[in-house]
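Trainee: Predicted model, plus sequence, below.
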Amino acid sequence: METSALVKILSPNQADPLTQGFSGPPSEMELASPPGNSSGTVPALPFSSLSEFEGHMSLALHTANANDNTSLDRPAVSGPIVASLSMTLGVLSNIVALLILANSYARLRRRSKAAFLLFATSLVATDFMGHVIPGAIVLKLYLSEGVPETQYARPDALCQFLGGSMVFFGLCPLFLGSAMAAERCLGVTRPLLHASLVSATRTKVSLSIIWLAALCMALLPCFHLGSYSYQYPGTWCFIKVLEDTAEADVAFVLLFSGLGLGSLALALVCNTTSGLTLLIGRMRKQRCNRQRARSHDIEMVVQLVGIMVTSCICWSPLLIFGLMSVTRSYEGSVGDDLATYRMLMITGVRLASWNQILDPWVYILLRRAVLRKIYLVTKRQVDLSSIRRWEPNSLHSTEKTTPLSCTVL
């Protein structure tokens, strides 16, 4: 009875690869008793028993599910398109910002702003290189459909280079942003000390130290202090934060995230101090020439606040998610949440990649010329709206006073 029920389930017009040799329900001729078979029953299936048939069916379903999971682990088809568009936008934005900063540096060679412009130009140039080099490797991995999950824990030379680039070009903007904030805080709060300490040569030395410190951090895995690995979905590399993490990996992530979050905190303190100092100076109504000199400081502090807000929004998730993931992985408590932590990491790195796209727009949009035009346009619109509200009232009052004047005459 069970075998006949299975025969009814299968379609008579579609051959199943697992039941080759079975051509559907028997015809009248087949029902007739052939020589040697007096029972007149249906020919037996090519499986010896129902349990064997069910085993073949479960094996086929397991293979199909494995293929579906493999296809889900592969990067989406739209990945290369999105990566190409974001890479193009980042390159164009950084080129425009570099041209603006180079023009400003050529026109304004005053000592108080030269250091800031040199820092800003270095930051945009670093963002440009950090967008092109890792972006090209990620695009290549996308086009090759990524690395299979079985190869995540065995990084090759390309993964080592990409992971080091991610660390280097990730720490450099954070270090440069905090250095710029500290330089401006010194210039606003202690202008005489700033004039005696800050020079073009010392600024270049500071830039070299920042780049060297970020490079040393990126090269730590070469000395077996941490490691890089492919990350889900096999199209990028970063510090190993999930699956088989060791104590060195935990220390590496703690150092990376600690330096990043510390740089953001330092920038927050310095920019807040600079902003409050400038606000107090405005409230005291200083001399006109002093206010004109302070307008450059206001412009630079506004740009630094924009850089700080952008860095906090873009980099804080990756730094925090990295700490959460490596801690849970080292404790062995990831369990069924592995997919969740993978999605957290890929969301964090996508946000971090936007930092190199948005940073140049801070210099493009938050300039005195642009802000002045926005202010004038806004003021003109406010004046026009006030005039439109005033005209009907004035005409109405004129109509009322005209008859009175005529009677007096």
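Mentor: It's in. Numbering: from 1, shown residues only.

Trainee: So which bits of stretch 359-375 are buried?
Mentor: Using 16 or more other CB atoms under 10 Å as the test for burial, stretch 359-375 gives Asp359, Pro360, Val362, Tyr363, Leu366, Arg367. Yep, even glycine has a C-beta here, placed from its N, CA and C like the rest.

Trainee: There's contact between the second one and Leu101 in this structure, I believe.
Mentor: No: taking contact to mean CB atoms under 8 Å, the distance of 9.2 Å between Pro360 and Leu101 leaves them out of contact.

Trainee: Quickly list what's touching both of those two.
Mentor: Val124 (CB atoms under 8 Å, 6 or more residues apart in numbering).

Trainee: Give me the number of neighbouring residues for Ile298.
Mentor: Ile298 has 19 neighbours, counted by other CB atoms under 10 Å.

Trainee: again but with His296, I slipped
Mentor: If you count neighbours by other CB under 10 Å, His296 ends up with 16.

Trainee: Give me the nearest residue to Ala115, chain neighbours excluded.
Mentor: Spatial nearest neighbour of Ala115, excluding adjacent residues (CB to CB, 6 or more residues apart in numbering): Thr203 at 4.6 Å.

Trainee: ok, the closest residue to Met87 other than its chain neighbours to Pro80 distance?
Mentor: Here the nearest residue to Met87 in space, its sequence neighbours aside, is Gly135; by CB to CB, 6+ apart that works out to 4.3 Å. For Gly135, the distance to Pro80 (CB to CB, to the nearest Å) stands at 11 Å.

Trainee: ok so, going back, now the element after the helix or strand harbouring the residue nearest to Met87, going C-ward?
Mentor: Using DSSP states H and E, Gly135 maps to helix 111-143. Sequence order places helix 157-189 as the next helix or strand after helix 111-143, per DSSP H and E.

Trainee: Against which helices or strands is that following helix packed?
Mentor: helix 111-143, helix 191-197, helix 200-218, strand 228-231, strand 236-239, helix 247-283, helix 288-331, helix 338-365 (3 or more CB pairs under 8 Å, 6 or more residues apart in numbering; DSSP states H and E).

Trainee: Enumerate the positions of it that are buried.
Mentor: Under the neighbour-count rule (16+ other CB under 10 Å), helix 157-189 has 159-188 buried.

Trainee: Next, the angle helix 247-283 makes with it.
Mentor: 30 degrees (axes from the mean of the first three to the mean of the last three CA atoms, to 10 degrees).

Trainee: who's in contact with Thr347?
Mentor: Thr347 touches Pro317, Phe321, counting by CB under 8 Å, 6+ apart.

Trainee: 10 Å - rerun?
Mentor: By CB atoms under 10 Å, 6 or more residues apart in numbering, Thr347 lies in contact with Pro317, Leu318, Phe321.

Trainee: So what's the predicted local confidence for Asp336?
Mentor: The model reports Asp336 with a pLDDT of 81.

Trainee: Also Pro17?
Mentor: 44.

Trainee: ditto for the one 4 residues further on
Mentor: Gly21 is assigned 45 on the pLDDT scale.

Trainee: can you pull the pLDDT of Met1?
Mentor: 45.

Trainee: Same check on Leu384?
Mentor: 64.

Trainee: Number the residues from 3 up from this point.
Mentor: Will do, 3 is the new start, and the previous item becomes Leu386.
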